[in-house]
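K.L.:
just the structure for this:
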Amino acid sequence: MRRAGRCAPRMRTGLVVAAHGRHCLVETPEGERVICHPRGKKTSVVVGDRVRWEASHDEGTIEKIDERRNLFYRQDEVRTKSFAANLDTALILIAAEPEFSESQLSRALIAAEASKIKPLIGLNKSDLVEPFERAWARLLPYQHMHYGVLPLSLRLSKDVDREHLLKHLEGKTTLVLGPSGAGKSTLINLLVPGATALTNEISQALNSGKHTTTSTTWYWVDKANGTALIDSPGFQEFGLNHIEPMQLASCMPDFKPHLGQCKFYNCTHLHEPGCDVIAAVADSGAADAITPSRYRIYRELFDELSQPGRF
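P.N.:
Below you'll find the model as predicted:
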């Protein structure tokens, strides 16, 4: 990692490619990487930000964050965790085994919908036949919602899966999320050979003192055509406190066809008579039916987001 020179201060452009605490790594258009710190205690910089910075001694100071296209983040009662900015896709990687949490998956999908980021679901471990069949069946409603679902076997079908993934990710900036055991590190290393070594190098540069899974990192898959992955931790707890309860249904594609069809314009879809959503749950054979598990998740989230004093 090179350091900024000691020339007279001048504003330069850059891309934030790693962040840990108030330290971040900025990549210049020429490929130089410089350790920078945002000016002001409240300034929040995330991976994917385009910034303007000035050299300051042997490091740099971020003076301005360019306007973001989007920001993917979660928020619970304690704090807000920003993952990354200016994304094209969020790849949510889950596995046939251990069994994935549908609630956890739905939370990530809702956060992507709220930020207007296209989500893509990767189901790993297709080599485990029976567990994979069960998991695939659980994801059928999501395919009906027009979410892309990719079958993967990252441990065995490396070349096939690499080509399969690149068809969907080429030319895009993709945030990769996934619970422990889903194979996220395997996927990153498959698409970015040497990613582990690069992570260790970045970790040392940011003075974290160890290989850390608490930082977010940008990897170039193909810089020439703009294909990049962002690896970020924090999938286990996915708070959605930044979403209003009445906004929730509009972030769930299976609910959308029924919005505006209820008897009451301010329907919560919980108990009101003449609710089209409740009717869609009861009519399991309809083309636009809502599954009981999805409705249960909606009710749980609506209750969670309606708690007094959640901010």
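K.L.:
now do the helices in the protein.
P.N.:
Using DSSP state H, the helices assigned to the chain run over residues 102-114, 129-138, 140-144, 158-169, 184-191, 195-205, 276-282, 292-305.
K.L.:
Val176 is nearest to which of the ones you listed?
P.N.:
helix 184-191 (6.0 Å; CB to CB). Any C-beta I mention is one placed from the backbone N, CA and C, and that applies to glycine too.
K.L.:
and the closest one, average pLDDT?
P.N.:
Per-residue pLDDT over helix 184-191 has a mean of 93.
K.L.:
please apply the same query to stretch 295-302.
P.N.:
The model assigns stretch 295-302 a mean pLDDT of 98.
K.L.:
distance from that stretch to the middle of the chain?
P.N.:
The chain centroid and the centroid of stretch 295-302 are separated by 21 Å under CA atoms, centre = their mean, to the nearest Å.
K.L.:
circling back to that earlier point, and the helices of the chain as JSON lines, adding distance to Ala55?
P.N.:
Below are those laid out as JSON lines (distance: least, CB to CB, whole Å):
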{"stretch": "helix 102-114", "distance to Ala55": "36"}
{"stretch": "helix 129-138", "distance to Ala55": "51"}
{"stretch": "helix 140-144", "distance to Ala55": "48"}
{"stretch": "helix 158-169", "distance to Ala55": "34"}
{"stretch": "helix 184-191", "distance to Ala55": "31"}
{"stretch": "helix 195-205", "distance to Ala55": "16"}
{"stretch": "helix 276-282", "distance to Ala55": "56"}
{"stretch": "helix 292-305", "distance to Ala55": "45"}
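K.L.:
nearest to Arg10, of the ones you listed?
P.N.:
Closest approach to Arg10 among those (CB to CB): helix 195-205, 23.0 Å.
K.L.:
which elements pack onto the closest one?
P.N.:
Packing contacts for helix 195-205, counted by 3 or more CB pairs under 8 Å, 6 or more residues apart in numbering; DSSP states H and E, involve strand 11-20, helix 184-191, strand 216-222.
K.L.:
for Phe100, find the nearest of the ones you listed.
P.N.:
Closest approach to Phe100 among these (CB to CB): helix 184-191, 12.7 Å.
K.L.:
would you list the helices of the chain in JSON lines and tack on distance to Leu259 and mean neighbour count?
P.N.:
Shown next, in JSON lines, are the helices of the chain (distance: least, CB to CB, whole Å; neighbours: other CB atoms under 10 Å):
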{"stretch": "helix 102-114", "distance to Leu259": "13", "mean neighbour count": "20"}
{"stretch": "helix 129-138", "distance to Leu259": "25", "mean neighbour count": "14"}
{"stretch": "helix 140-144", "distance to Leu259": "17", "mean neighbour count": "15"}
{"stretch": "helix 158-169", "distance to Leu259": "29", "mean neighbour count": "14"}
{"stretch": "helix 184-191", "distance to Leu259": "34", "mean neighbour count": "20"}
{"stretch": "helix 195-205", "distance to Leu259": "42", "mean neighbour count": "16"}
{"stretch": "helix 276-282", "distance to Leu259": "8", "mean neighbour count": "18"}
{"stretch": "helix 292-305", "distance to Leu259": "12", "mean neighbour count": "16"}
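K.L.:
can you tell me which of the ones you listed the model trusts least?
P.N.:
Here the lowest mean pLDDT among these goes to helix 195-205, at a mean of 73.
K.L.:
now the angle between helix 184-191 and that helix, please.
P.N.:
110 degrees (axes from the mean of the first three to the mean of the last three CA atoms, to 10 degrees).
K.L.:
when you give positions from now on, start the count at 204
P.N.:
Sure, I'll start numbering at 204, so the last one becomes helix 398-408.
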